[in-house]
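**Q** Pasting a predicted model and its sequence here:
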Amino acid sequence: MKLIVGLGNPGANYIKTRHNVGFWCIEEIAKFFNIPIVNEKRFFSLTGKGVIERENVLLLMPQTFMNLSGRAVVAASSYYKIPLDNIIVIYDDLDIFPGNIKLKLGGSAAGHNGIKNIIQMLSGNSDFYRIRLGIGRPNREDIVPYVLGAPSNQDKDNIFDAINKVTQNFPMVLNDWMKAQGMLNKNTQNNVG
């Protein structure tokens with residue numbers, strides 16, 4: 001089984017914020033592949049179990065708030081005995097333009113609190129797969145209000161273009177990571193907003 005984690009914050013206040021693009025992506029994947037999402041309290045998450053191209057998947061949207069995302073990841077991966085190399089985490093990235101995607105294996109948290117907590121909860125192990133969705137950096141605004149704010153209409157369109165690319169190519173992401181990297185790690189937009 002593959003564990004697909006989208007990072008975000010629970011609650012109506014956060015639904016439209018940049019920090020929730022991981023949730024947006026999981027919701028689109030669930031819709032596209034007809035996977036129902038339910039509240040799974042033992043994993044502190046909204047979850048969806050399904051099959052994508054003969055691959056069993058567990059979609060996970062932690063309801064722990066971003067800074068405690070690792071609690072949900074460890075609860076689900078321990079229960080289903082999912083190894084680290086079967087975990088894919090989808091999240092927002094300030095260092096990538098809106099609309100751009102970067103698939104990567106391992107590395108540091110690069111200041112992302114959700115990733116930082118997941119690494120911490122996995123005993124310092126960072127060797128899981130990541131799908132980073134660009135949200136761009138603010139020009140003058142502080143980082144926290146920026147990530148907890150809604151993107152402009154243009155940026156939102158670009159972000160959803162990226163989410164749709166990830167969703168439509170998700171079977172390839174699951175079965176041929178290198179090929180998916182080659183196809184999706186392309187800079188498609190050059191504007192930060």
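**A** Now that the structure is in, tell me what you want to look at.
**Q** tell me which residues in the longest helix along the chain are buried?
**A** Criterion DSSP state H: the longest helix present in the chain is helix 153-168. For helix 153-168, a neighbour-count test (16 or more other CB atoms under 10 Å) marks 155, 156, 158, 159, 160, 162, 163, 165, 166, 167 as buried. (C-beta placed from N, C-alpha, C; glycine too.)
**Q** Any chance of those residues in TSV with distance to residue 61 as columns?
**A** Output for those, formatted as TSV (distance: CB to CB, whole Å):
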residue	distance to residue 61
155	22
156	19
158	22
159	17
160	17
162	18
163	14
165	20
166	15
167	15
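**Q** The longest helix of the chain: what's the following helix or strand?
**A** Next helix or strand after helix 153-168 toward the C-terminus (DSSP states H and E): helix 170-175.
**Q** for the following helix or strand past that next one, which positions count as buried?
**A** Counting by DSSP H and E, the next helix or strand C-terminal to helix 170-175 is helix 177-184. Of the residues in helix 177-184, 177, 180, 181, 184 count as buried by neighbour count, 16+ other CB under 10 Å.
**Q** What of stretch 26-34?
**A** Applying 16+ other CB under 10 Å to stretch 26-34 flags 26, 27, 28, 29, 30, 33 as buried.
**Q** and what of stretch 30-47?
**A** Those would be 30, 33, 35, 37, 40, 43, 44, 45, 46, 47, for stretch 30-47 by 16+ other CB under 10 Å.
**Q** Just give me the neighbour total for the closest residue to the second one other than its chain neighbours.
**A** This points to residue 33. Nearest non-adjacent residue to residue 33, counting by CB to CB, 6 or more residues apart in numbering: residue 52, 5.2 Å away. Residue 52 has 19 neighbours, counted by other CB atoms under 10 Å.
**Q** quick one: the helices in this protein?
**A** Taking DSSP H as the test, the helices found in the chain are 21-32, 69-79, 113-121, 143-147, 153-168, 170-175, 177-184.
**Q** Mean pLDDT and distance to residue 92 added to those helices, as JSON lines?
**A** As requested, those are exported to JSON lines (pLDDT from 0 to 100; distance: least, CB to CB, whole Å):
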{"stretch": "helix 21-32", "mean pLDDT": "98", "distance to residue 92": "5"}
{"stretch": "helix 69-79", "mean pLDDT": "97", "distance to residue 92": "12"}
{"stretch": "helix 113-121", "mean pLDDT": "97", "distance to residue 92": "9"}
{"stretch": "helix 143-147", "mean pLDDT": "93", "distance to residue 92": "7"}
{"stretch": "helix 153-168", "mean pLDDT": "97", "distance to residue 92": "9"}
{"stretch": "helix 170-175", "mean pLDDT": "96", "distance to residue 92": "18"}
{"stretch": "helix 177-184", "mean pLDDT": "94", "distance to residue 92": "16"}
